[in-house]
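[1] Sequence plus predicted model, see below.
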Amino acid sequence: EVQLVESGGGVVQAGGSLRLSCATSGFTFDDYAIGWFRQAPGKEREVVSCISTNDGTTYYSDSALDRFTISSDNAKKTVYLQMNSLKPEDTAVYYCAATPGPLGVFNHYNYWGQGTQVTVSS
């Protein structure tokens, strides 16, 4: 059974940091790209950052670039998202997802976690 389990969300003040974790099981980790997506109330889900666990290639959205860092621990089959300099507009439910395809084809992420809430207060 494929599982992706997010953790690390919480409430933080603007300018603070959080590290999200996505623990995976049930599929060949090295054959997949893992992405972080988020959805704020009343808004569409958007991609935040992705990583190819095979070669370490990464992608960052404009909002994440220079503030967030995605990394992968292949031995633990876990992907992390270090979020620094958080802003109130980063408030959302953050989901991790997996795809066997290229990391940049965002509508091909077919395995999803349950999400973790991130709230940034001003």
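    In hand now; what should we look at?
[2] give the contact list for the residue nearest the centre of the chain.
    The residue lying closest to the centre of the chain (C-alpha atoms, centre = their mean) is W36, at 2.2 Å. By C-beta atoms under 8 Å, 6 or more residues apart in numbering, the contact list for W36 reads 20, 22, 47-50, 70, 79, 81, 94-97. Quick note: C-beta positions are derived from backbone N, CA and C, even for glycine.
[3] Bridged to it, which residues?
    S49, C96 (DSSP bridges).
[4] one step back: and the contacts of W36 as CSV, adding distance to Q13, neighbour count and pLDDT?
    Formatted as CSV, those follow (distance: C-beta to C-beta, whole Å; neighbours: other C-beta atoms under 10 Å; pLDDT from 0 to 100):
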residue, distance to Q13, neighbour count, pLDDT
L20, 17, 24, 98
C22, 24, 26, 98
V47, 25, 19, 98
V48, 20, 24, 98
S49, 22, 25, 98
C50, 27, 26, 98
I70, 23, 23, 98
V79, 25, 29, 98
L81, 19, 26, 98
Y94, 18, 23, 98
Y95, 23, 22, 98
C96, 24, 29, 98
A97, 28, 22, 98
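[5] Now tabulate those residues in CSV and tack on distance to V118.
    Listed next are the contacts of W36 as CSV, based on distance: C-beta to C-beta, whole Å:
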residue, distance to V118
L20, 8
C22, 13
V47, 15
V48, 10
S49, 14
C50, 18
I70, 15
V79, 16
L81, 10
Y94, 5
Y95, 11
C96, 13
A97, 16
